[in-house]
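**Q** Sequence and predicted model, in that order:
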Amino acid sequence: MIVRLPDLAAVEAFGARIAAKLGVGDVVALSGTLGAGKTTLSRAILHGLGYAGEVPSPTFTIIETYDSLDPPVVHADFYRLDDPSEIEELGLEDYREGAVLLAEWPDKAGGFANEPACLSITLEIMDEGRRAIVEGGADWLERMP
Ligand SMILES: Nc1ncnc2c1ncn2[C@@H]1O[C@H](COP(=O)(O)OP(=O)(O)OP(=O)(O)O)[C@@H](O)[C@H]1O
């Protein structure tokens, strides 16, 4: 499925649609070049879950947590990982327990597309805004519009 995101309002609406379908154990894997809009869409998903506070880019901290949300969210940016094995040192599995994972640069962590609960979104920069290429694992097939 391809979703056109011509402006930030469209990103907010798309984030809200995704947020409405999220459950514990899900992964939203966000790919795309620098500046493609991965953090912006992550923010929109968090807004869709009712979060009104600041959403810092996790580029430097790698992991940011939003425990007060239902479902709780772990927002990660794996860009700075040198090797996927480093996710063990980060304790990612523990963070993911009982939460949703929003993963920027998922390939740097070895990828999540093999998980049936992974929604993979690739953002591309267009003349007007962005477009999102959306692919879902088995769990997402019935949830996708
Ligand atoms: N659909 C869109 N239309 C117009 N501008 C957008 C859209 N999505 C994101 N942007 C803008 O693109 C810029 C970069 O977005 P963002 O920081 O989310 O990218 P990123 O993929 O997370 O980058 P990085 O990999 O560097 O962390 C921001 O200024 C944001 O407002």
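**A** Perfect, thanks for sending it.
**Q** what about stretch 107-125 and the ligand, any contact?
**A** No - using CB under 6 Å from any ligand atom, stretch 107-125 never reaches the ligand; the gap is at least 6.5 Å. Heads up, the C-betas are built off the backbone N, CA and C, glycines and all.
**Q** Closest to the centroid, which residue in this structure?
**A** For the chain, the residue nearest the mean C-alpha position is Leu102 (3.1 Å; CA atoms, centre = their mean).
**Q** What's the local residue count around Asn128?
**A** Just so we're on the same page, residue 128 is Glu rather than Asn. Look at Glu128: counted by other CB atoms under 10 Å, it has 10 neighbours.
**Q** thought it was touching Pro6?
**A** Yes - with contacts counted by CB atoms under 8 Å, Glu128 reaches Pro6, the gap being 4.8 Å.
**Q** returning to that earlier point: just to be sure, the residue nearest to the centre of the chain is in a helix?
**A** No - secondary structure of Leu102 (DSSP: H, G, I helix; E, B strand; the rest coil): strand, not part of a helix.
**Q** Would you enumerate the residues in contact with it?
**A** Val27, Val28, Leu30, Ser42, Ile45, Leu46, Val73, Val74, His75, Ala76 (CB atoms under 8 Å, 6 or more residues apart in numbering).
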